[in-house]
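Enquirer: How does the following fold in three dimensions:
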Amino acid sequence: MKVWGGLVWLVPLMFGRLCTYSEAKPNFIVMLMDDMGWGDLGVFGEPSKETPNLDQMAAEGMVLTDFYAANPLCSPSRAALLTGRLPIRNGFYTTNAHGRNGYTPQIIMGGIADSEILFPELLQEAGYRNKLIGKWHLGHRPQYHPLKHGFDEWFGAPNCHFGPYNDKNTPNIPVYKDEYMTGRYYEDFKIDQATGESNLTQLYIQEALDFLDQQSLSKQPFFLYWAVDATHTPLYASKKFLGTSRRGLYGDVVRELDFGVGQILNKLKQLKIDDNTLVIFSSDNGGAMVSRYQGGSNGPFLCGKQTTFEGGVRELTLAWWPAHIKPGQVSHQVGSMMDIFSTVLDLTDIKPPQDRIIDGMSLVPVLINATVTNRPIFHYRGNTLMAVRVGLYKAHLWTWSNSWQEFNMGIDFCRGESVDNVTTHEQVNHTSQPLLFHLGRDPGERYMIHSNIQEYKMIMPAIVKTIEQHLAHLVPGEPQFNWCDSAVQNWSPPGCEKLNKCLPVPASKPYKCTWPH
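Expert: Numbers count the residues shown, from 1 in each chain. Take a look at the predicted model:
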């Protein structure tokens with residue numbers, strides 16, 4: 001038995017009893033999109049049907065319809081993926097204000113703690129070569145970089161591609177080749193915000209293809225983390241894809257990413273390593289409704305990024321592994337991004353850390369035998385447990401979209417959706433009588449099951465007990481998002497001397513970060 005989130009669940013079958021595999025260690029590819037919505041793929045109902053490669057990936061593998069991010073925002077979600085632990089445990093949250101999302105802009109002082117164990121570190125110890133392509137977002141200061149936390153190679157950036165900046169008040173974000181910067185966004189790696197043109201995704205595709213060629217020759221098992229970020233504003237796509245989608249620039253971006261997925265999967269087939277490579281495609285959080293027509297579609301789900309409503313945390317997820325995952329499957333297993341940690345360890349026979357709670361569970365029985373295991377999913381926003389899913393029921397302990405002040409400024413995390421007493425613009429405490437929804441009958445969380453109804457009275461006690469057990473075992477990590485300082489921005493990243501790209505570092509003046517939502 002294993003403890004997940006303070007509850008004990010029994011895994012019916014371990015990997016070794018499920019199937020017999022070749023002696024070769026499996027390879028792993030995680031394709032993590034940025035702010036892509038659940039409804040952005042043809043296989044998930046997008047009407048333009050502009051994602052043929054991802055739709056084919058789904059047809060050849062498994063669609064996981066009930067898969068969740070561990071947080072509705074980028075950095076905490078990514079930290080949870082790699083550590084297998086909720087952000088409240090791994091420190092990717094703030095206590096500066098109640099229930100506020102935080103992340104790692106370049107003014108943040110914190111990052112992924114050395115005490116956290118990332119699964120790339122464990123794979124590296126087991127003889128794997130690991131590469132990150134794209135956005136890291138677990139801390140931009142050198143001690144937090146991916147090559148200090150299990151990766152052997154890196155091409156990408158530590159932060160979002162925001163900018164351009166003037167390099168005086170704020171430096172432009174560096175792009176790294178392994179441990180050294182190789183340029184900066186907007187200066188050396190162009191993004192034309194007027195047209196949306198940039199060649200970055202093509203660079204990320206080629207980096208992946210070259211890495212696969214290299215690893216095929218070396219015969220060394222690998223983990224490729226393809227964390228491309230073009231669907232995060234400011235949107236960008238290469239000239240070949242601009243103007244090709246019925247959905248505008250956002251659709252152009254999705255079409256290019258779909259092309260990249262096709263290139264990578266075809267390369268695996270050409271190298272004859274597809275049967276030994278598990279590929280998982282997902283997104284870090286829901287589509288950004290605040291971006292309006294420049295954001296993704298969350299399908300039937302309520303609201304989007306930043307919120308713990310379904311649109312903010314339920315993720316489009318595909319699993320592909322020829323010869324092991326039967327084609328054309330649809331799984332209703334309630335899954336979490338944190339499960340990737342446990343799945344990778346299960347498939348490599350690596351013993352998980354015994355000195356901490358791991359919130360993920362192995363998906364091997366799901367992928368191979370299509371089993372379904374009951375388990376809860378806990379939805380946090382910052383330091384606050386906002387909601388929990390148990391079975392098909394979801395209980396909201398707190399509701400909040402964003403503040404009236406932000407909403408009146410045009411910042412809308414629900415893009416025109418409004419449900420009375422649910423999409424509230426004040427933090428409303430429902431812990432004494434949680435709001436209850438049935439996600440099978442009502443995936444959009446529009447029609448609550450009222451507390452005077454027999455169904456509520458039957459279901460809620462078990463949910464409350466699940467919450468109590470979870471909180472009883474909760475030991476929060478040291479919060480990493482409490483302190484900011486302009487002096488820690490990307491003024492002089494490693495390697496800047498060789499490029500003559502070092503900038504003057506201002507005096508250090510730490511202050512408590514402000515997180516508005």
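Enquirer: Is it correct that residue 389 is in contact with residue 439?
Expert: Yes - the pair residue 389 / residue 439 is scored as a contact, 7.1 Å apart, by CB atoms under 8 Å. Where you see a C-beta, it was placed from the backbone N, CA and C, and this is true even at glycine.
Enquirer: Give me the more crowded residue out of these two.
Expert: When neighbours are counted by other CB atoms under 10 Å, residue 389 and residue 439 differ, and residue 389 comes out ahead with 23 against 18.
Enquirer: Could I get the contacting residues of the closest residue to residue 149 other than its chain neighbours?
Expert: Excluding the flanking residues, the one nearest residue 149 by CB to CB, 6 or more residues apart in numbering is residue 118, at 5.1 Å. With contact set as CB atoms under 8 Å, 6 or more residues apart in numbering, residue 118 has these partners: 82-83, 112, 149-150.
Enquirer: Residue 495 versus residue 118, what's the distance?
Expert: Noted for residue 118: a distance of 23 Å to residue 495, by CB to CB, to the nearest Å.
Enquirer: Could you do residue 55 as well?
Expert: Summarising the geometry, the distance separating residue 55 from residue 495, computed by CB to CB, is 40 Å.
Enquirer: which stretch of helix or strand covers residue 380?
Expert: strand 376-381 (DSSP states H and E).
Enquirer: Measure how far that strand is from the centre of its chain, please.
Expert: Relative to the centre of its chain, strand 376-381 is centred 14 Å away, using CA atoms, centre = their mean, to the nearest Å.
Enquirer: Note down every partner strand of that strand and its orientation.
Expert: strand 384-390 (antiparallel) (DSSP bridges).
Enquirer: Pairing partners for whatever helix or strand comes next after the partner strand, with directions?
Expert: Tracing the chain past strand 384-390, the next element assigned as helix or strand by DSSP H and E is strand 393-396. If you go by DSSP bridges, strand 393-396 pairs up with strand 384-390 (antiparallel), strand 435-438 (antiparallel).
Enquirer: What residues sit buried inside the shortest one?
Expert: What that stands for is strand 435-438. 435-438 (16 or more other CB atoms under 10 Å).
Enquirer: Got phi/psi on the closest residue to residue 476 other than its chain neighbours?
Expert: By the measure of CB to CB, 6+ apart, the closest residue to residue 476 outside its immediate chain neighbours is residue 88, 5.3 Å from it. With angles defined as degrees, to the nearest 10, residue 88 sits at phi -60, psi -30.
Enquirer: can you check the one 3 residues further on too?
Expert: Listed backbone geometry of residue 91 is phi 90, psi 0, with angles given as degrees, to the nearest 10.
Enquirer: same question, residue 333
Expert: Summarising the backbone geometry of residue 333 under the convention degrees, to the nearest 10, its torsions are phi -60, psi 130.
Enquirer: How much space separates the closest residue to it other than its chain neighbours from residue 344?
Expert: Here the nearest residue to residue 333 in space, its sequence neighbours aside, is residue 366; by CB to CB, 6+ apart that works out to 4.6 Å. Between residue 366 and residue 344 the distance is 14 Å, computed by CB to CB.
Enquirer: Give me the more crowded residue out of these two.
Expert: When neighbours are counted by other CB under 10 Å, residue 366 and residue 344 differ, and residue 344 comes out ahead with 26 against 23.
Enquirer: The more buried one and residue 338, how far apart?
Expert: Applying CB to CB, the value for residue 344 to residue 338 is 11 Å.
Enquirer: Kindly report the same for residue 37.
Expert: Residue 37 sits 21 Å away from residue 338, taking CB to CB as the criterion.
Enquirer: Could you do residue 355 as well?
Expert: When CB to CB is the yardstick, residue 355 and residue 338 sit 17 Å from each other.
Enquirer: which of the two has more neighbours?
Expert: A count of neighbours by other CB under 10 Å puts residue 338 above the other of residue 355 and residue 338, at 29 against 6.
Enquirer: Would you double-check that residue 343 falls in a helix?
Expert: Yes - when classified by DSSP: H, G, I helix; E, B strand; the rest coil, residue 343 is found to be part of a helix.
Enquirer: Quick one: distance of stretch 498-514 to the chain centre.
Expert: Remark: stretch 498-514 is offset 28 Å from the chain centroid, using CA atoms, centre = their mean.
Enquirer: All set now, cheers.
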